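In: Below are the sequence and a predicted model; questions follow.
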There are 4 protein chains.
Amino acid sequence: MNNKEQAELVLGNLVLAVEMLQSCAEFALLVPEVRVNLAYALPGAKTPDEVAAVDGRVTVVRGFPYASGMPQWGASDHLARRILEVRKYDAEINAAINFKCDQVVIKVVQKYCSEKGILFGWIDRTREPDEVAKPDGSSMPWKIKQLYTNYGGIPRLSYEGEGWGKEPLFVVLGSDAVEVAGIAIEIAQRYQQRLS
Amino acid sequence: MNNKEQAELVLGNLVLAVEMLQSCAEFALLVPEVRVNLAYALPGAKTPDEVAAVDGRVTVVRGFPYASGMPQWGASDHLARRILEVRKYDAEINAAINFKCDQVVIKVVQKYCSEKGILFGWIDRTREPDEVAKPDGSSMPWKIKQLYTNYGGIPRLSYEGEGWGKEPLFVVLGSDAVEVAGIAIEIAQRYQQRLS
Amino acid sequence: MNNKEQAELVLGNLVLAVEMLQSCAEFALLVPEVRVNLAYALPGAKTPDEVAAVDGRVTVVRGFPYASGMPQWGASDHLARRILEVRKYDAEINAAINFKCDQVVIKVVQKYCSEKGILFGWIDRTREPDEVAKPDGSSMPWKIKQLYTNYGGIPRLSYEGEGWGKEPLFVVLGSDAVEVAGIAIEIAQRYQQRLS
Amino acid sequence: MNNKEQAELVLGNLVLAVEMLQSCAEFALLVPEVRVNLAYALPGAKTPDEVAAVDGRVTVVRGFPYASGMPQWGASDHLARRILEVRKYDAEINAAINFKCDQVVIKVVQKYCSEKGILFGWIDRTREPDEVAKPDGSSMPWKIKQLYTNYGGIPRLSYEGEGWGKEPLFVVLGSDAVEVAGIAIEIAQRYQQRLS
């Protein structure tokens, strides 16, 4: 597969993942204040410009998840840098999605991971050293190293606890956007059942 | 390339083509009453469900072309059937886009085709036999056969004159969505210069 | 009420009408090739710039009616000119919506009008004189005069039969956008039942 | 003006304010992680359901501010509760908009307020008592009381510093949505000049 085909495949996989999210009313319950993004990196990507994501993020309109724009290169910063950093430890990771984190979601995800045999982790941001907690993004290497060190591998599902000025969030990692969206949707369905 | 990859490649190519159209203010001048669609068929597609297009079509919002929804399978009927019919004569055609047809656009396209050495054609709907001009879609084989017979091949750019209850329209055919969108954009830029 | 308030009231009434349409899956069945618009004129409006409508029109996305943009001044040409012309005969008309016209819709609307005691009409475009059937819009006065002369008043629901290059269409006229959207939705629900 | 007209006027004013934001590329620089909302309360509103805001919030698509959905009742929680609480002290406030807060924005806003003679304030969330810093929303009365006590009135422009799990944010208060959007746009233009 050439580079042009590889890039189109990433964008097309994101279209399919967005369609899955937009069809799932329960996922609206997992949209956090910062909204959801969904990112998928090219093989060998070096910068966020080689990672595609949903332009404008995924929000909630008329009760359903809604992608404000099309998949586009460079449309994510945080998730893109996370994928790039994680790949230093786990070469199978290409895609990520974030969603809301609260005490109920944490229990739902723990049970889900336990049933499915998926490695689960969390990052305690209260232990983040001052020198990395800067707006320049240097906290990402610290966070991923924490996960790797604490869990002996990169957990496919993990959350970051609250930070100073930072909303707590879950992140799912996987091989493509359809896979991570599918996991997020399963979590959303279990969460909705737990609430009702 | 497997079927899953092939499908993602089609959707991703449509995302790139939509991005090109949305960036081109001049193309807003070519959006007809029925709006624009942009369709791309899988290899070996048999029905419109195996052809992807822009859900909700491309309209004009705040002066720019705007894709109302994401690329999706089965989102076009007319252009999809046109691609499927054309392929019986020309196996290289996978994608199509339509745009506005008036006397100025016709002149611009004729000049463009002449310069680029592209086969240009038109369909005279006043000659459409009564038995095919039905809402059941049987006019498509007649139209494509007319083009093939009159021009000795399938023109990459052609228009259908006005019909009874039908707006006249241009259609560009090509190998993928990015190619046909690129041609439509070049026409739009020449059209805008001609008007100004 | 001052001019500023009057303008905001028109835009706000369009927002409510759009919300009604977007909630009604059945109305997707009535979206014609040229898409739907919904227009509402200021009192005393002289030109389409004093008539607000949905920027980009109402299309169908993911199976539901979808407003591509916000209500905006000057976003309709045809419906705006229709309202302005109709007002010369009937000062109570401020708003209009169009939808698909076929033999089944015609029957549904006739029955609806008969039950509700609403004046119903149609315009036979085959009788349109050559000198008005021009792209400069001079056919509007002829069309409205035809309706007024044939029916002794302006029908609140009417259709234009097919024309040369023109899709047949229904138009509902009323005092505000919410009223005409409500009528269109009732027709859509009856049409859906008739089809099923 | 009756209740129906009052409600339409609020929605219509929001449409105008959204149009202003969508036309202002500089405002994209002020969109925070949690996105922007813009809320406008009915006179005498008691709950967020009587406050209209942009469904899905305002995000950034293709470099421009973009309203994901239409103005709708109940589409804001935080800004709606803020307006309702502020009105206990200042009956002239009906509308609010939030935007990004960083050290440069703080300087730009301070200078703006000083030039225009507008009362400026901030809330130090590190002083927020534990018993109000709960997800049940009880922190709002504390925050507004802080502002009122510290500044002898409700500042039209103020920010909340970072909190535990909370992004710092600016809020503009005013009499209608067009007014607060206009102020946010002026800040955005000054911010862009400062950055360049």
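Out: Noted; the coordinates are in hand.
In: got a list of what A:His78 touches?
Out: Residues in contact with A:His78 (Cβ atoms under 8 Å, 6 or more residues apart in numbering or on different chains) are A:Asn37, A:Asn98. In short, each C-beta sits where N, CA and C put it, glycine included.
In: and what of A:Val60?
Out: A:Val60 touches A:Ala28, A:Val31, A:Tyr66, D:Asp55, D:Gly56, counting by Cβ under 8 Å, 6+ apart.
In: what secondary structure does it sit in?
Out: What DSSP: H, G, I helix; E, B strand; the rest coil gives for A:Val60 is strand.
In: what does chain A put close to chain B?
Out: Within chain A, the positions near chain B by Cβ under 8 Å from any Cβ of the partner chain are A:1, A:5, A:7-16, A:18-19, A:67, A:70-72.
In: Weed out the non-buried ones from those residues.
Out: Applying 16 or more other Cβ atoms under 10 Å in any protein chain shown to the residues of chain A next to chain B, the neighbour count classes A:5, A:7-16, A:18-19, A:67, A:70-72 as buried.
In: Now do the same contact list for A:Gln189.
Out: A:Cys24, A:Glu26.
In: Identify each buried residue in the host helix or strand of it, please.
Out: In the assignment (DSSP states H and E), A:Gln189 maps to helix A:177-195. Using 16+ other Cβ under 10 Å as the test for burial, helix A:177-195 gives A:177-185, A:187-192.
In: Can you tell me which of the residues you listed lies closest to A:Gly165?
Out: Taking Cβ to Cβ as the measure, A:Gly165 sits nearest to A:Ala184 out of the buried residues of helix A:177-195, at 24.8 Å.
In: A:Val31 is in contact with the closest one, correct?
Out: No - the pair A:Ala184 / A:Val31 is not scored as a contact, 10.5 Å apart, by Cβ atoms under 8 Å.
In: joint contacts of the two?
Out: Common neighbours of A:Ala184 and A:Val31, using Cβ under 8 Å, 6+ apart, are A:Phe99.
In: Not counting sequence-adjacent ones, nearest residue to A:Ile83?
Out: Using Cβ to Cβ, 6 or more residues apart in numbering or on different chains and skipping the chain neighbours, the partner closest in space to A:Ile83 is A:Ala41 (4.7 Å).
In: For burial, what's the neighbour tally of the one you found?
Out: 26 (other Cβ atoms under 10 Å in any protein chain shown).
In: show me the contacts for it.
Out: Counting by Cβ under 8 Å, 6+ apart, A:Ala41 touches A:Val10, A:Glu50, A:Val51, A:Ala52, A:Ala80, A:Ile83, A:Leu84, A:Arg87, A:Asn94, A:Ala95.
In: so of these, which ones are in strands?
Out: Those of the contacts of A:Ala41 mapping onto strands are A:Val51, A:Ala52, A:Ala95, per DSSP state E.
In: So in terms of bridging, what pairs with the second one?
Out: Right, the one you point to is A:Ala52. When bridges are called by DSSP bridges, A:Ala52 pairs up with A:Tyr40, A:Trp73.
In: Surely it touches A:Leu9?
Out: No - with contact defined as Cβ under 8 Å, A:Ala52 does not count as touching A:Leu9 (10.4 Å).
In: So, low pLDDT: which residues of chain A?
Out: For chain A, the stretches with pLDDT under 70 are A:134-137.
In: Is the residue minimising distance to the centre of chain A in a helix, a strand, or coil?
Out: Central residue of chain A (Cα atoms, centre = their mean): A:Ile97, 2.4 Å from the mean position. What three-state DSSP gives for A:Ile97 is strand.
In: you'd agree it is up against A:Val36?
Out: Yes - at 6.6 Å, A:Ile97 counts as touching A:Val36 under the criterion of Cβ under 8 Å.
In: Alright, that wraps it up for me.
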